[in-house]
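Chemist: Take a look and give me a structure for this.
(chains A and B)
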2 protein chains.
Amino acid sequence: MNEQLLLENARSVLIRLEETIIFAFIERAQFKENRTIYLAGMFGAELHGDSLVGYMLKQTERLHAQLRRYTSPDEHPFSANLPEPILPPLNYTENPLRPNTVNINGELRRCYEDEIIPAICAEGDDGQYGSSALCDVHCLQALSRRVHYGKFVAESKFRQAPDRFRAAIATGNRVALAAAITDESVETHVCSRVRAKADAYGRDIAGDRPGRYVDPDVVMQVYARWIIPLNKQVQVEYLLQRGPD
Amino acid sequence: MNEQLLLENARSVLIRLEETIIFAFIERAQFKENRTIYLAGMFGAELHGDSLVGYMLKQTERLHAQLRRYTSPDEHPFSANLPEPILPPLNYTENPLRPNTVNINGELRRCYEDEIIPAICAEGDDGQYGSSALCDVHCLQALSRRVHYGKFVAESKFRQAPDRFRAAIATGNRVALAAAITDESVETHVCSRVRAKADAYGRDIAGDRPGRYVDPDVVMQVYARWIIPLNKQVQVEYLLQRGPD
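Modeler: This is a model prediction of the structure:
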(Lines give C-alpha, C1' and ligand atoms only; values in the text may rest on other atoms or scores of the structure.)
Protein backbone atom coordinates (compact mmCIF):
# COMPACT_ATOMS: atom_id res chain seq x y z
CA MET A 1 0.00 0.00 0.00
CA ASN A 2 1.49 3.35 -0.97
CA GLU A 3 1.67 6.33 1.37
CA GLN A 4 -1.13 8.29 -0.28
CA LEU A 5 -3.56 5.37 -0.18
CA LEU A 6 -2.58 4.61 3.41
CA LEU A 7 -3.29 8.17 4.47
CA GLU A 8 -6.60 8.33 2.63
CA ASN A 9 -7.70 5.00 4.10
CA ALA A 10 -6.83 6.05 7.63
CA ARG A 11 -8.55 9.40 7.18
CA SER A 12 -11.72 7.85 5.85
CA VAL A 13 -11.89 5.27 8.66
CA LEU A 14 -11.38 7.97 11.30
CA ILE A 15 -14.09 10.21 9.85
CA ARG A 16 -16.57 7.34 9.68
CA LEU A 17 -15.73 6.30 13.25
CA GLU A 18 -16.99 9.70 14.40
CA GLU A 19 -20.54 8.58 13.59
CA THR A 20 -20.01 5.26 15.35
CA ILE A 21 -18.70 6.99 18.49
CA ILE A 22 -21.38 9.69 18.54
CA PHE A 23 -24.17 7.12 18.03
CA ALA A 24 -22.67 4.97 20.80
CA PHE A 25 -22.52 7.97 23.16
CA ILE A 26 -26.13 8.90 22.37
CA GLU A 27 -27.19 5.34 23.17
CA ARG A 28 -25.28 5.31 26.47
CA ALA A 29 -26.62 8.75 27.42
CA GLN A 30 -30.17 7.32 27.54
CA PHE A 31 -29.20 5.93 30.91
CA LYS A 32 -27.86 7.56 34.02
CA GLU A 33 -24.27 7.26 35.13
CA ASN A 34 -25.02 4.08 37.16
CA ARG A 35 -21.67 4.17 38.91
CA THR A 36 -22.29 0.80 40.52
CA ILE A 37 -21.64 -1.04 37.23
CA TYR A 38 -18.01 0.15 37.27
CA LEU A 39 -17.29 -0.94 40.84
CA ALA A 40 -15.59 -4.26 41.41
CA GLY A 41 -17.53 -6.76 43.48
CA MET A 42 -20.85 -4.89 43.43
CA PHE A 43 -22.55 -7.81 41.67
CA GLY A 44 -21.23 -10.44 44.01
CA ALA A 45 -19.18 -13.58 43.76
CA GLU A 46 -20.93 -14.67 40.56
CA LEU A 47 -18.79 -12.25 38.52
CA HIS A 48 -15.61 -13.41 40.27
CA GLY A 49 -15.32 -10.04 41.99
CA ASP A 50 -15.21 -8.14 38.70
CA SER A 51 -17.41 -5.12 37.95
CA LEU A 52 -20.45 -5.69 35.74
CA VAL A 53 -18.82 -3.76 32.88
CA GLY A 54 -15.52 -5.57 33.38
CA TYR A 55 -17.24 -8.93 33.32
CA MET A 56 -19.32 -8.15 30.26
CA LEU A 57 -16.31 -6.71 28.43
CA LYS A 58 -14.16 -9.74 29.20
CA GLN A 59 -16.81 -12.28 28.21
CA THR A 60 -17.66 -10.37 25.02
CA GLU A 61 -13.96 -10.26 24.11
CA ARG A 62 -13.67 -14.01 24.75
CA LEU A 63 -16.39 -14.60 22.16
CA HIS A 64 -14.95 -12.12 19.67
CA ALA A 65 -11.45 -13.54 20.12
CA GLN A 66 -12.79 -16.97 19.16
CA LEU A 67 -14.12 -15.35 15.99
CA ARG A 68 -10.56 -13.98 15.37
CA ARG A 69 -11.39 -10.31 15.98
CA TYR A 70 -8.04 -9.56 17.59
CA THR A 71 -5.98 -11.01 14.77
CA SER A 72 -6.90 -7.88 12.80
CA PRO A 73 -4.20 -5.18 13.04
CA ASP A 74 -6.77 -2.49 13.91
CA GLU A 75 -8.38 -4.36 16.82
CA HIS A 76 -7.01 -4.40 20.36
CA PRO A 77 -8.52 -6.27 23.29
CA PHE A 78 -8.96 -4.85 26.80
CA SER A 79 -8.55 -8.29 28.37
CA ALA A 80 -5.55 -10.55 28.77
CA ASN A 81 -5.53 -14.34 28.38
CA LEU A 82 -8.17 -14.52 25.68
CA PRO A 83 -8.88 -17.86 23.98
CA GLU A 84 -7.39 -18.73 20.61
CA PRO A 85 -9.55 -18.23 17.49
CA ILE A 86 -11.66 -21.20 16.52
CA LEU A 87 -11.80 -19.97 12.92
CA PRO A 88 -8.78 -20.44 10.63
CA PRO A 89 -6.48 -17.39 10.47
CA LEU A 90 -6.96 -14.66 7.86
CA ASN A 91 -3.95 -13.41 5.97
CA TYR A 92 -3.69 -9.62 6.40
CA THR A 93 -1.51 -9.10 3.33
CA GLU A 94 -2.40 -5.42 3.23
CA ASN A 95 -1.24 -4.74 6.78
CA PRO A 96 1.13 -1.76 6.51
CA LEU A 97 2.13 -1.75 10.20
CA ARG A 98 5.40 -2.94 11.66
CA PRO A 99 5.14 -5.55 14.42
CA ASN A 100 4.34 -3.80 17.71
CA THR A 101 2.69 -4.37 21.07
CA VAL A 102 1.17 -0.93 21.65
CA ASN A 103 -2.13 -1.24 23.52
CA ILE A 104 -3.31 1.59 25.79
CA ASN A 105 -6.77 0.16 26.47
CA GLY A 106 -6.12 0.11 30.22
CA GLU A 107 -5.67 3.86 30.23
CA LEU A 108 -8.55 4.35 27.79
CA ARG A 109 -10.88 2.38 30.04
CA ARG A 110 -9.92 4.41 33.11
CA CYS A 111 -10.57 7.65 31.16
CA TYR A 112 -13.88 6.31 29.89
CA GLU A 113 -15.23 5.12 33.21
CA ASP A 114 -13.93 8.00 35.34
CA GLU A 115 -14.12 10.98 32.98
CA ILE A 116 -16.16 10.35 29.85
CA ILE A 117 -19.14 8.65 31.50
CA PRO A 118 -19.72 11.49 34.01
CA ALA A 119 -19.42 13.93 31.08
CA ILE A 120 -22.02 12.31 28.82
CA CYS A 121 -24.50 10.79 31.30
CA ALA A 122 -26.82 12.35 33.82
CA GLU A 123 -25.78 11.80 37.43
CA GLY A 124 -27.52 9.12 39.40
CA ASP A 125 -28.80 5.57 39.15
CA ASP A 126 -31.78 4.39 37.10
CA GLY A 127 -31.27 0.67 37.62
CA GLN A 128 -30.64 0.06 33.89
CA TYR A 129 -27.43 -1.81 34.61
CA GLY A 130 -27.45 -4.42 31.85
CA SER A 131 -28.38 -1.95 29.11
CA SER A 132 -25.80 0.57 30.31
CA ALA A 133 -23.04 -2.05 30.49
CA LEU A 134 -23.88 -3.26 26.98
CA CYS A 135 -23.59 0.33 25.69
CA ASP A 136 -20.29 0.65 27.54
CA VAL A 137 -18.83 -2.37 25.76
CA HIS A 138 -19.91 -0.85 22.46
CA CYS A 139 -18.45 2.59 23.32
CA LEU A 140 -15.18 1.11 24.57
CA GLN A 141 -14.72 -1.00 21.44
CA ALA A 142 -15.35 1.99 19.16
CA LEU A 143 -13.04 4.26 21.19
CA SER A 144 -10.31 1.62 21.22
CA ARG A 145 -10.47 1.32 17.46
CA ARG A 146 -10.34 5.13 17.10
CA VAL A 147 -7.43 5.56 19.48
CA HIS A 148 -5.32 2.70 18.10
CA TYR A 149 -5.88 3.80 14.53
CA GLY A 150 -3.10 6.17 15.45
CA LYS A 151 -0.75 3.38 14.39
CA PHE A 152 -1.88 3.68 10.77
CA VAL A 153 -1.76 7.46 10.94
CA ALA A 154 1.77 7.39 12.37
CA GLU A 155 2.99 4.85 9.82
CA SER A 156 1.60 7.01 7.06
CA LYS A 157 3.21 10.18 8.47
CA PHE A 158 6.53 8.38 8.81
CA ARG A 159 6.48 7.12 5.25
CA GLN A 160 5.68 10.54 3.87
CA ALA A 161 8.62 12.21 5.59
CA PRO A 162 10.85 9.69 7.39
CA ASP A 163 13.57 12.21 8.07
CA ARG A 164 11.26 14.21 10.30
CA PHE A 165 11.07 11.28 12.73
CA ARG A 166 14.29 9.27 12.54
CA ALA A 167 16.39 11.18 15.04
CA ALA A 168 13.63 11.39 17.64
CA ILE A 169 12.88 7.68 17.27
CA ALA A 170 16.55 6.75 17.54
CA THR A 171 16.98 8.77 20.74
CA GLY A 172 13.58 7.84 22.22
CA ASN A 173 12.57 11.51 22.38
CA ARG A 174 8.82 11.40 23.06
CA VAL A 175 8.49 15.19 23.28
CA ALA A 176 10.01 15.69 19.85
CA LEU A 177 7.88 12.89 18.40
CA ALA A 178 4.72 14.37 19.88
CA ALA A 179 5.59 17.69 18.30
CA ALA A 180 6.38 16.08 14.94
CA ILE A 181 3.04 14.27 14.69
CA THR A 182 0.94 17.22 15.83
CA ASP A 183 -0.96 19.40 13.38
CA GLU A 184 -3.10 21.78 15.39
CA SER A 185 -5.14 22.94 12.44
CA VAL A 186 -6.19 19.34 11.73
CA GLU A 187 -7.12 18.85 15.39
CA THR A 188 -9.24 22.00 15.38
CA HIS A 189 -10.92 20.84 12.18
CA VAL A 190 -11.71 17.42 13.68
CA CYS A 191 -13.17 19.00 16.82
CA SER A 192 -15.43 21.34 14.94
CA ARG A 193 -16.59 18.59 12.57
CA VAL A 194 -17.38 16.32 15.53
CA ARG A 195 -19.29 19.13 17.20
CA ALA A 196 -21.37 19.69 14.06
CA LYS A 197 -22.12 15.98 13.75
CA ALA A 198 -23.10 15.65 17.41
CA ASP A 199 -25.31 18.68 16.97
CA ALA A 200 -27.13 17.06 14.03
CA TYR A 201 -27.31 13.48 15.29
CA GLY A 202 -27.95 14.28 18.95
CA ARG A 203 -31.08 16.29 18.34
CA ASP A 204 -34.47 14.59 18.24
CA ILE A 205 -35.51 16.66 15.25
CA ALA A 206 -38.67 14.79 14.43
CA GLY A 207 -39.76 13.63 17.85
CA ASP A 208 -42.87 14.97 19.43
CA ARG A 209 -40.89 16.23 22.37
CA PRO A 210 -37.87 17.97 20.85
CA GLY A 211 -34.77 17.74 22.95
CA ARG A 212 -31.15 16.75 22.88
CA TYR A 213 -29.71 13.31 23.43
CA VAL A 214 -26.21 14.59 23.90
CA ASP A 215 -24.55 17.99 24.30
CA PRO A 216 -22.41 18.73 21.20
CA ASP A 217 -19.92 20.70 23.28
CA VAL A 218 -19.42 17.73 25.57
CA VAL A 219 -18.76 15.40 22.63
CA MET A 220 -16.29 17.91 21.22
CA GLN A 221 -14.53 18.11 24.59
CA VAL A 222 -14.32 14.33 24.81
CA TYR A 223 -12.46 14.42 21.51
CA ALA A 224 -10.24 17.32 22.52
CA ARG A 225 -9.38 16.10 26.01
CA TRP A 226 -9.23 12.31 25.64
CA ILE A 227 -9.65 10.83 22.17
CA ILE A 228 -7.15 13.01 20.31
CA PRO A 229 -4.49 12.96 23.06
CA LEU A 230 -4.78 9.17 23.48
CA ASN A 231 -4.55 8.74 19.72
CA LYS A 232 -1.36 10.83 19.70
CA GLN A 233 0.02 8.75 22.55
CA VAL A 234 -0.52 5.65 20.40
CA GLN A 235 1.25 7.35 17.50
CA VAL A 236 4.30 8.17 19.62
CA GLU A 237 4.55 4.72 21.19
CA TYR A 238 4.08 3.06 17.82
CA LEU A 239 6.83 5.15 16.20
CA LEU A 240 9.22 4.27 19.03
CA GLN A 241 8.50 0.57 18.54
CA ARG A 242 8.58 0.60 14.75
CA GLY A 243 12.10 1.99 14.74
CA PRO A 244 13.80 4.56 12.48
CA ASP A 245 14.30 2.39 9.39
CA MET B 1 -49.33 1.16 36.72
CA ASN B 2 -52.41 2.95 35.41
CA GLU B 3 -53.46 2.89 31.76
CA GLN B 4 -52.37 6.42 30.95
CA LEU B 5 -48.89 5.91 32.38
CA LEU B 6 -48.60 2.56 30.64
CA LEU B 7 -49.47 4.11 27.29
CA GLU B 8 -47.11 7.05 27.77
CA ASN B 9 -44.26 4.74 28.81
CA ALA B 10 -44.77 2.48 25.80
CA ARG B 11 -44.99 5.43 23.45
CA SER B 12 -41.82 7.02 24.77
CA VAL B 13 -39.86 3.74 24.56
CA LEU B 14 -41.02 3.16 20.99
CA ILE B 15 -40.07 6.67 19.87
CA ARG B 16 -36.64 6.41 21.44
CA LEU B 17 -36.10 2.97 19.87
CA GLU B 18 -36.39 4.64 16.45
CA GLU B 19 -33.01 6.27 17.03
CA THR B 20 -31.51 2.99 18.21
CA ILE B 21 -32.78 1.16 15.13
CA ILE B 22 -31.77 3.87 12.66
CA PHE B 23 -28.28 4.14 14.18
CA ALA B 24 -27.94 0.34 14.07
CA PHE B 25 -28.99 0.29 10.39
CA ILE B 26 -26.51 3.06 9.55
CA GLU B 27 -23.75 1.06 11.22
CA ARG B 28 -24.66 -2.13 9.36
CA ALA B 29 -24.96 -0.27 6.04
CA GLN B 30 -21.23 0.56 6.20
CA PHE B 31 -20.67 -2.99 5.02
CA LYS B 32 -21.93 -4.88 2.02
CA GLU B 33 -24.61 -7.53 2.22
CA ASN B 34 -22.04 -10.31 2.84
CA ARG B 35 -24.58 -13.06 2.28
CA THR B 36 -22.09 -15.70 3.36
CA ILE B 37 -22.48 -14.77 7.04
CA TYR B 38 -26.13 -15.87 6.96
CA LEU B 39 -25.48 -19.28 5.38
CA ALA B 40 -25.23 -22.29 7.65
CA GLY B 41 -21.96 -24.17 7.50
CA MET B 42 -20.00 -21.52 5.57
CA PHE B 43 -17.53 -21.09 8.44
CA GLY B 44 -16.93 -24.78 8.90
CA ALA B 45 -17.23 -27.29 11.68
CA GLU B 46 -15.90 -24.84 14.29
CA LEU B 47 -19.30 -23.15 14.49
CA HIS B 48 -21.10 -26.50 14.75
CA GLY B 49 -22.59 -25.98 11.29
CA ASP B 50 -24.29 -22.72 12.29
CA SER B 51 -24.01 -19.51 10.25
CA LEU B 52 -21.61 -16.84 11.53
CA VAL B 53 -24.52 -14.60 12.53
CA GLY B 54 -26.37 -17.50 14.13
CA TYR B 55 -23.32 -18.48 16.14
CA MET B 56 -22.56 -14.94 17.28
CA LEU B 57 -26.20 -14.33 18.19
CA LYS B 58 -26.45 -17.54 20.20
CA GLN B 59 -23.20 -16.98 22.08
CA THR B 60 -24.06 -13.34 22.78
CA GLU B 61 -27.44 -14.41 24.13
CA ARG B 62 -25.78 -17.03 26.34
CA LEU B 63 -23.74 -14.28 27.95
CA HIS B 64 -26.66 -11.89 28.26
CA ALA B 65 -28.88 -14.65 29.69
CA GLN B 66 -26.31 -15.23 32.43
CA LEU B 67 -26.61 -11.52 33.22
CA ARG B 68 -30.42 -12.04 33.46
CA ARG B 69 -31.33 -10.05 30.33
CA TYR B 70 -34.22 -12.36 29.42
CA THR B 71 -35.88 -12.18 32.80
CA SER B 72 -37.01 -8.67 31.81
CA PRO B 73 -40.56 -8.65 30.37
CA ASP B 74 -39.45 -6.55 27.37
CA GLU B 75 -36.56 -8.81 26.29
CA HIS B 76 -36.97 -11.93 24.15
CA PRO B 77 -34.16 -14.25 23.08
CA PHE B 78 -33.72 -15.68 19.58
CA SER B 79 -32.10 -18.84 20.96
CA ALA B 80 -33.51 -21.78 22.88
CA ASN B 81 -31.82 -23.59 25.77
CA LEU B 82 -30.05 -20.57 27.20
CA PRO B 83 -28.21 -20.89 30.53
CA GLU B 84 -29.77 -19.75 33.79
CA PRO B 85 -28.84 -16.30 35.14
CA ILE B 86 -25.82 -16.23 37.42
CA LEU B 87 -27.05 -13.01 39.03
CA PRO B 88 -29.89 -13.13 41.57
CA PRO B 89 -33.34 -12.45 40.06
CA LEU B 90 -34.78 -8.95 39.90
CA ASN B 91 -38.35 -8.40 40.98
CA TYR B 92 -40.26 -6.75 38.13
CA THR B 93 -43.01 -5.40 40.35
CA GLU B 94 -44.02 -2.90 37.69
CA ASN B 95 -44.60 -5.52 35.01
CA PRO B 96 -48.11 -4.83 33.67
CA LEU B 97 -48.19 -7.83 31.31
CA ARG B 98 -50.12 -11.05 31.80
CA PRO B 99 -48.06 -14.24 31.64
CA ASN B 100 -47.52 -15.18 27.98
CA THR B 101 -45.11 -17.01 25.70
CA VAL B 102 -45.34 -14.81 22.61
CA ASN B 103 -41.98 -14.70 20.82
CA ILE B 104 -41.81 -14.15 17.05
CA ASN B 105 -38.05 -13.76 16.82
CA GLY B 106 -37.78 -16.68 14.41
CA GLU B 107 -39.94 -14.85 11.91
CA LEU B 108 -38.22 -11.53 12.65
CA ARG B 109 -34.82 -13.05 11.96
CA ARG B 110 -35.96 -14.50 8.63
CA CYS B 111 -37.35 -11.08 7.62
CA TYR B 112 -34.15 -9.37 8.71
CA GLU B 113 -31.73 -11.67 6.94
CA ASP B 114 -33.76 -12.17 3.76
CA GLU B 115 -35.50 -8.83 3.30
CA ILE B 116 -34.14 -6.04 5.47
CA ILE B 117 -30.43 -6.70 4.86
CA PRO B 118 -30.76 -6.60 1.05
CA ALA B 119 -32.79 -3.39 1.46
CA ILE B 120 -30.28 -1.47 3.59
CA CYS B 121 -26.91 -2.85 2.40
CA ALA B 122 -25.13 -2.63 -0.92
CA GLU B 123 -25.00 -5.91 -2.81
CA GLY B 124 -21.82 -7.90 -2.69
CA ASP B 125 -19.09 -9.06 -0.37
CA ASP B 126 -16.43 -6.87 1.24
CA GLY B 127 -14.97 -9.52 3.56
CA GLN B 128 -16.03 -7.58 6.68
CA TYR B 129 -17.72 -10.62 8.16
CA GLY B 130 -17.06 -10.13 11.86
CA SER B 131 -18.01 -6.45 11.86
CA SER B 132 -21.15 -7.14 9.84
CA ALA B 133 -22.24 -10.00 12.11
CA LEU B 134 -21.69 -7.84 15.19
CA CYS B 135 -23.91 -5.13 13.69
CA ASP B 136 -26.49 -7.79 12.88
CA VAL B 137 -26.68 -8.91 16.50
CA HIS B 138 -27.18 -5.29 17.52
CA CYS B 139 -29.88 -4.69 14.87
CA LEU B 140 -31.71 -7.92 15.71
CA GLN B 141 -31.77 -7.15 19.43
CA ALA B 142 -33.13 -3.64 18.82
CA LEU B 143 -35.74 -4.90 16.34
CA SER B 144 -36.82 -7.66 18.71
CA ARG B 145 -37.34 -5.15 21.50
CA ARG B 146 -39.34 -2.89 19.15
CA VAL B 147 -41.52 -5.68 17.82
CA HIS B 148 -42.26 -7.29 21.19
CA TYR B 149 -43.06 -3.97 22.80
CA GLY B 150 -46.38 -4.61 21.12
CA LYS B 151 -47.26 -6.54 24.27
CA PHE B 152 -47.21 -3.34 26.33
CA VAL B 153 -49.08 -1.45 23.63
CA ALA B 154 -51.77 -4.15 23.45
CA GLU B 155 -52.14 -4.37 27.22
CA SER B 156 -52.56 -0.61 27.35
CA LYS B 157 -55.13 -0.62 24.53
CA PHE B 158 -57.05 -3.42 26.24
CA ARG B 159 -57.16 -1.63 29.58
CA GLN B 160 -58.39 1.58 27.99
CA ALA B 161 -61.35 -0.10 26.28
CA PRO B 162 -61.67 -3.77 27.24
CA ASP B 163 -65.07 -4.15 25.60
CA ARG B 164 -63.57 -3.49 22.19
CA PHE B 165 -61.49 -6.69 22.50
CA ARG B 166 -63.33 -9.19 24.68
CA ALA B 167 -65.53 -10.88 22.07
CA ALA B 168 -62.70 -11.25 19.53
CA ILE B 169 -60.37 -12.65 22.20
CA ALA B 170 -63.00 -15.10 23.43
CA THR B 171 -63.66 -16.40 19.92
CA GLY B 172 -60.00 -16.31 18.82
CA ASN B 173 -60.84 -13.93 15.97
CA ARG B 174 -57.45 -12.68 14.76
CA VAL B 175 -58.91 -10.60 11.93
CA ALA B 176 -61.18 -8.68 14.28
CA LEU B 177 -58.34 -8.20 16.78
CA ALA B 178 -56.01 -6.91 14.05
CA ALA B 179 -58.69 -4.42 13.04
CA ALA B 180 -59.31 -3.36 16.65
CA ILE B 181 -55.64 -2.59 17.37
CA THR B 182 -55.00 -0.77 14.09
CA ASP B 183 -54.93 3.01 13.89
CA GLU B 184 -53.80 3.95 10.40
CA SER B 185 -53.23 7.59 11.21
CA VAL B 186 -50.78 6.61 13.96
CA GLU B 187 -48.98 4.26 11.56
CA THR B 188 -48.66 6.99 8.95
CA HIS B 189 -47.35 9.37 11.60
CA VAL B 190 -44.73 6.84 12.76
CA CYS B 191 -43.57 6.23 9.18
CA SER B 192 -43.15 9.89 8.39
CA ARG B 193 -41.35 10.57 11.68
CA VAL B 194 -38.99 7.67 11.02
CA ARG B 195 -38.32 8.95 7.53
CA ALA B 196 -37.48 12.42 8.87
CA LYS B 197 -35.15 10.96 11.49
CA ALA B 198 -33.37 8.72 8.97
CA ASP B 199 -33.00 11.74 6.72
CA ALA B 200 -31.32 13.75 9.49
CA TYR B 201 -29.19 11.01 11.05
CA GLY B 202 -28.24 9.22 7.83
CA ARG B 203 -26.67 12.24 6.21
CA ASP B 204 -22.99 12.99 6.72
CA ILE B 205 -23.70 16.68 7.12
CA ALA B 206 -20.30 17.74 8.31
CA GLY B 207 -18.07 15.28 6.52
CA ASP B 208 -15.71 16.38 3.85
CA ARG B 209 -17.42 14.13 1.33
CA PRO B 210 -21.14 14.69 1.85
CA GLY B 211 -23.22 11.61 1.24
CA ARG B 212 -25.87 9.42 2.72
CA TYR B 213 -25.34 6.47 5.01
CA VAL B 214 -28.84 5.15 4.55
CA ASP B 215 -31.78 5.94 2.28
CA PRO B 216 -34.62 7.46 4.37
CA ASP B 217 -37.24 5.91 2.10
CA VAL B 218 -35.77 2.48 2.67
CA VAL B 219 -35.86 2.92 6.45
CA MET B 220 -39.46 4.09 6.23
CA GLN B 221 -40.34 1.04 4.13
CA VAL B 222 -38.68 -1.27 6.62
CA TYR B 223 -41.00 0.17 9.24
CA ALA B 224 -44.07 0.00 7.01
CA ARG B 225 -43.48 -3.49 5.61
CA TRP B 226 -41.91 -5.37 8.51
CA ILE B 227 -41.57 -3.59 11.85
CA ILE B 228 -45.14 -2.30 12.18
CA PRO B 229 -46.80 -5.50 10.88
CA LEU B 230 -44.66 -7.72 13.12
CA ASN B 231 -45.45 -5.47 16.08
CA LYS B 232 -49.17 -5.83 15.34
CA GLN B 233 -48.76 -9.60 15.07
CA VAL B 234 -47.28 -9.55 18.60
CA GLN B 235 -50.22 -7.45 19.81
CA VAL B 236 -52.77 -9.91 18.41
CA GLU B 237 -51.02 -13.01 19.76
CA TYR B 238 -50.55 -11.37 23.14
CA LEU B 239 -54.22 -10.42 23.40
CA LEU B 240 -55.25 -13.98 22.56
CA GLN B 241 -52.97 -15.33 25.29
CA ARG B 242 -53.85 -12.74 27.92
CA GLY B 243 -57.53 -13.65 27.71
CA PRO B 244 -60.66 -11.49 27.87
CA ASP B 245 -60.71 -10.79 31.62
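Chemist: gap between the helix of greatest length in chain A and the chain center?
Modeler: For chain A, the longest helix by residue count, based on DSSP state H, is helix A:3-28. Its chain's C-alpha centre and that of helix A:3-28 lie 10 Å apart, by CA atoms, centre = their mean, to the nearest Å.
Chemist: That one near chain B at all?
Modeler: Yes: with CB under 8 Å from any CB of the partner chain as the criterion, chain B is reached by helix A:3-28 at A:15-16, A:19-20, A:23, A:26-27. Where you see a C-beta, it was placed from the backbone N, CA and C, and this is true even at glycine.
Chemist: Most neighbours among these, which one?
Modeler: The most neighbours of any of the residues of helix A:3-28 next to chain B, using other CB atoms under 10 Å in any protein chain shown, belong to A:Phe23, which has 26 neighbours.
Chemist: dump the residue contacts of that residue.
Modeler: Contacts for A:Phe23 (CB atoms under 8 Å, 6 or more residues apart in numbering or on different chains) come out as A:201, B:23, B:26-27.
Chemist: which of those residues lies closest to B:Pro89?
Modeler: Taking CB to CB as the measure, B:Pro89 sits nearest to B:Phe23 out of these, at 31.1 Å.
Chemist: From A:Cys111, how far off is that closest one?
Modeler: 23 Å (CB to CB, to the nearest Å).
Chemist: which residues touch stretch A:183-191?
Modeler: A:220, A:223-224, A:228.
Chemist: For that stretch, what is the distance to the chain centroid?
Modeler: Distance of stretch A:183-191 from its chain centroid, counting by CA atoms, centre = their mean, is 18 Å.
Chemist: check contacts around the residue positioned nearest the centre of chain A.
Modeler: By CA atoms, centre = their mean, chain A has its centre lying nearest to A:Leu143, at 2.0 Å. When contacts are counted by CB under 8 Å, 6+ apart, A:Leu143 touches A:21, A:108, A:112, A:227.
Chemist: Give me the mean pLDDT for the helix or strand containing it.
Modeler: If you go by DSSP states H and E, A:Leu143 is part of helix A:129-148. The pLDDT scores in helix A:129-148 average 97.
Chemist: go on, stretch A:190-197?
Modeler: For stretch A:190-197, mean pLDDT is 95.
Chemist: buried stuff in that stretch?
Modeler: For stretch A:190-197, burial by neighbour count (16 or more other CB atoms under 10 Å in any protein chain shown) applies to A:190-191, A:193-197.
Chemist: before we move on, what about stretch A:150-170?
Modeler: Buried, per 16+ other CB under 10 Å, within stretch A:150-170: A:150-159, A:165, A:168-169.
Chemist: What I need now is the residues you listed written out in JSON lines, including distance to chain B and secondary structure for each item.
Modeler: Below are these laid out as JSON lines (distance: CB to the nearest CB, whole Å; DSSP: H, G, I helix; E, B strand; the rest coil):
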{"residue": "A:Gly150", "distance to chain B": "20", "secondary structure": "helix"}
{"residue": "A:Lys151", "distance to chain B": "18", "secondary structure": "helix"}
{"residue": "A:Phe152", "distance to chain B": "16", "secondary structure": "helix"}
{"residue": "A:Val153", "distance to chain B": "16", "secondary structure": "helix"}
{"residue": "A:Ala154", "distance to chain B": "21", "secondary structure": "helix"}
{"residue": "A:Glu155", "distance to chain B": "21", "secondary structure": "helix"}
{"residue": "A:Ser156", "distance to chain B": "17", "secondary structure": "helix"}
{"residue": "A:Lys157", "distance to chain B": "19", "secondary structure": "helix"}
{"residue": "A:Phe158", "distance to chain B": "24", "secondary structure": "helix"}
{"residue": "A:Arg159", "distance to chain B": "22", "secondary structure": "helix"}
{"residue": "A:Phe165", "distance to chain B": "26", "secondary structure": "coil"}
{"residue": "A:Ala168", "distance to chain B": "30", "secondary structure": "helix"}
{"residue": "A:Ile169", "distance to chain B": "31", "secondary structure": "helix"}
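Chemist: hmm, which two among the residues you listed are most spread apart?
Modeler: A:Phe152 and A:Ala168, at 19.4 Å, using CB to CB across these.
Chemist: Which single one of the contacts of stretch A:183-191 is nearest to B:Arg69?
Modeler: Proximity of the contacts of stretch A:183-191 to B:Arg69 (CB to CB) peaks at A:Tyr223, which lies at 31.7 Å.
Chemist: show me the contacts for that closest one.
Modeler: A:190-191, A:194.
Chemist: Just put these in TSV and tack on distance to A:Leu134 and secondary structure.
Modeler: Formatted as TSV, the contacts of A:Tyr223 follow (distance: CB to CB, whole Å; DSSP: H, G, I helix; E, B strand; the rest coil):
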residue	distance to A:Leu134	secondary structure
A:Val190	28	helix
A:Cys191	28	helix
A:Val194	24	helix
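Chemist: between the strand or helix carrying A:Ala200 and helix B:184-201, how many degrees?
Modeler: Assigning secondary structure by DSSP H and E places A:Ala200 in helix A:184-201. Interaxial angle of helix A:184-201 relative to helix B:184-201 (axes from the mean of the first three to the mean of the last three CA atoms, to 10 degrees): 180 degrees.
Chemist: Strands - which of the contacts of stretch A:183-191 land there?
Modeler: Among those, no residue falls in strands (DSSP state E).
Chemist: which of those has the most neighbours?
Modeler: A:Tyr223 (23 neighbours).
Chemist: next one: phi and psi at the closest residue to A:Leu47 other than its chain neighbours?
Modeler: Closest residue to A:Leu47 apart from its sequence neighbours, by CB to CB, 6 or more residues apart in numbering or on different chains: A:Tyr55 at 4.3 Å. The phi/psi pair for A:Tyr55 (degrees, to the nearest 10) reads phi -70, psi -50.
Chemist: Confidence-wise, which helix or strand of chain A is lowest on average?
Modeler: One helix or strand of chain A scores below all others by mean pLDDT, DSSP states H and E: helix A:3-28, with a mean of 92.
Chemist: buried stuff in it?
Modeler: Buried residues in helix A:3-28, defined by neighbour count with 16+ other CB under 10 Å: A:6-7, A:9-11, A:14-15, A:17-28.
Chemist: Could you do stretch A:172-189 as well?
Modeler: By neighbour count on 16+ other CB under 10 Å, the buried set for stretch A:172-189 is A:176-178, A:180-181, A:187.
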